[in-house]
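Novice: coordinates only, sequence not included:
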């Protein structure tokens, strides 16, 4: 039987993607040092902003989001899979999505799901 060691990290997501990455990165590193092969982050990992106008202005497409890109880099560097519980991102139609994203240890996005 194969065993998979998973870890869940809990955040208090700040109002910018860069600050979110600064908060989540040490927790992901700690989980990987502990032997986790799959690390899951919570909903809204990349940004929390109460002001809807400011949120809409700050949100970027998945491929341009600093937090998501940083987590992809970490997945490859640490050789782990990361499940981003969700990232608030801009869709192609300009609307916002609450997107769950699975990142493989090769940095590639393996699956996404826009939460309803």
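Specialist: On my side now, so go ahead. This one's a predicted model, so the numbers in the text were calculated from it and none came from an experiment.
Novice: which neighbouring elements make contact with the helix or strand containing residue 28?
Specialist: Under the criterion of DSSP states H and E, residue 28 resides in helix 17-33. Where contact means 3 or more Cβ pairs under 8 Å, 6 or more residues apart in numbering; DSSP states H and E, helix 17-33 is packed against strand 38-41, helix 66-78. Using the backbone N, CA and C atoms, a C-beta is placed for each residue, glycine as well.
Novice: can you tell me the helix or strand for the residue nearest to the spatial centre of the chain?
Specialist: Centrality entry for the chain: nearest residue to the mean C-alpha point is residue 84, 3.7 Å, by Cα atoms, centre = their mean. With elements delineated by DSSP H and E, residue 84 resides in strand 81-90, which encompasses its position.
Novice: buried set for the next helix or strand after that strand?
Specialist: Beyond strand 81-90 in the direction of the C-terminus, DSSP H and E gives the next helix or strand as strand 96-103. With burial defined by 16 or more other Cβ atoms under 10 Å, the residues of strand 96-103 counted as buried are 97, 99-103.
Novice: rounded mean pLDDT for strand 96-103, please.
Specialist: This predicted structure assigns strand 96-103 an average pLDDT of 97.
Novice: now do that strand: distance to the chain's middle.
Specialist: For strand 96-103, the gap between its own C-alpha mean and the chain's C-alpha mean amounts to 8 Å (Cα atoms, centre = their mean, to the nearest Å).
Novice: pLDDT weak spots in the chain?
Specialist: Per-residue confidence of the chain (counting by pLDDT under 70) places no residue in a weak region.
Novice: please identify the deepest-packed of the helices and strands packed on helix 17-33.
Specialist: For the helices and strands packed on helix 17-33, average neighbour numbers computed from mean count of other Cβ atoms under 10 Å are highest in strand 38-41, which has a mean of 22.
Novice: so where does residue 105 fall, helix or strand?
Specialist: For residue 105, there is no enclosing helix or strand under DSSP H and E.
Novice: burial count for the closest residue to it other than its chain neighbours?
Specialist: When the adjacent residues along the chain are set aside, residue 105 lies closest to residue 79, with 5.0 Å between them (Cβ to Cβ, 6 or more residues apart in numbering). Counted by other Cβ atoms under 10 Å, the residues lying close to residue 79 total 11.
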